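In: pasted the sequence and its predicted model underneath.
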Amino acid sequence: MQEELRNNNKFKSWIVLNLGMAFMFCIFAPIELLYANLDEFWFSLGQLLTVCVVEFIILLCLLSIAAYFLSKTKVDTIALAVFLAFSLFHIFRVIIFREIMAS
């Protein structure tokens, strides 16, 4: 019983991280790119949002399936830490790159 509860908590932490990653890659980044270069794109926000939502759902499902299987293994803590580090690295890289390009 306690092992099942521990696996459930591990899976919940994976889901939170998966939601953040899917949102960053599939919704936030494309919309930010669109608004930063609005005059260079020929499509509207409505057209972009439909694609973004579909990509978000697909990526979230794929990441959740991977998280489910990883939460059952012994290396899930290491994999979660690596995935979190990759996520933070990507976010900081985008912030730093944006600051460099702005100056």
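Out: That came through fine. Values in this document were obtained by computation on a predicted structure and should not be read as measured data. Numbers count the residues shown, from 1 in each chain.
In: show me where pLDDT drops low in this structure?
Out: The chain contains residues with pLDDT under 70 at 1-7, 76, 94, 97-103.
In: residue 16 and residue 85: what is the separation?
Out: The gap separating residue 16 from residue 85 is 16 Å, by Cβ to Cβ, to the nearest Å. For glycine as for every other residue, the C-beta is placed from the backbone atoms N, C-alpha and C.
In: what of residue 46?
Out: From residue 46 across to residue 85, the span is 36 Å (Cβ to Cβ).
In: contacting residues around the most centrally placed residue in the chain?
Out: Of all residues in the chain, the one closest to the mean position by Cα atoms, centre = their mean is residue 21, 1.0 Å from it. Counting by Cβ atoms under 8 Å, 6 or more residues apart in numbering, residue 21 makes contact with 59, 63, 83, 87.
In: which ones among these are found in helices?
Out: 59, 63, 83, 87 (DSSP state H).
In: dump those residues to CSV, plus distance to residue 96 and neighbour count.
Out: Shown next, in CSV, are the ones in helices among the contacts of residue 21 (distance: Cβ to Cβ, whole Å; neighbours: other Cβ atoms under 10 Å):
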residue, distance to residue 96, neighbour count
59, 24, 16
63, 25, 19
83, 21, 18
87, 15, 16
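In: which parts of the chain are helices?
Out: Secondary structure of the chain (DSSP H): helices located at 2-23, 29-36, 45-71, 76-102.
In: now do the last one against helix 45-71, angle only.
Out: With axes from the mean of the first three to the mean of the last three Cα atoms, to 10 degrees defining the directions, helix 76-102 sits at 150 degrees from helix 45-71.
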